[in-house]
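J.: Structure, please.
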Amino acid sequence: MKEMTVPIDQAGRIVLPKDVRQELAIKPGDTLKLSIHGSSVTLTPNKEATGFVRKGHALVFSTAGDETLTQEEVNGILEEGRDERLEQSLQGLRVPKRKA
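T.: Just a heads-up that it's a prediction; the model follows:
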């Protein structure tokens, strides 16, 4: 677990550092769940990010919960994504048929 110190401004706000927001794929408008445990405060993104999520400079496949995907499932997901991108690119290349 990473630990860092962030300041609180006069209005009681904190700013999450950019690298933290990128790693957790937090974007403007997202919400965070706040939990208090004794004297500790925990902020958790209030979403179950699934699918491909950018973490830093890497694209990572994330599932809801703690389940682990099999190699077959990973290959199927990758193939499905490739098929979708191929179909989208082919749609741009199709020329409408002329009316006779």
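J.: Just give me how far stretch 57-76 sits from the chain centre.
T.: Computed by CA atoms, centre = their mean, to the nearest Å, the separation of stretch 57-76 from the middle of its chain amounts to 13 Å.
J.: Distance of the most centrally placed residue in the chain relative to V60?
T.: The chain has V53 as the residue nearest its centroid, 3.3 Å off, counting by CA atoms, centre = their mean. Using CB to CB, to the nearest Å, V53 is found at 6 Å from V60. To be clear about C-beta, it is placed using only N, CA and C from the backbone, and glycine gets the same treatment.
J.: shaky segments in the chain?
T.: In the predicted model, the chain carries pLDDT under 70 at residues 1, 48-50, 63-67, 94-100.
J.: repeat that for 80
T.: Along the chain, the parts satisfying pLDDT under 80 run over 1-2, 47-56, 59-69, 92-100.
J.: Run through the strands of it in chain order.
T.: 32-37, 40-45, 51-55, 58-62 (DSSP state E).
J.: Indicate which one of these is closest to L24.
T.: strand 40-45 (5.6 Å; CB to CB).
J.: now for the closest one, which elements pack on it?
T.: Applying 3 or more CB pairs under 8 Å, 6 or more residues apart in numbering; DSSP states H and E, one finds that strand 40-45 makes contact with strand 32-37.
J.: Next, count neighbours for the residue nearest to T31 when sequence neighbours are not counted.
T.: The shortest distance from T31 to any non-neighbouring residue, by CB to CB, 6 or more residues apart in numbering, is to N46 (4.2 Å). As a burial measure, N46 scores 11 neighbours (other CB atoms under 10 Å).
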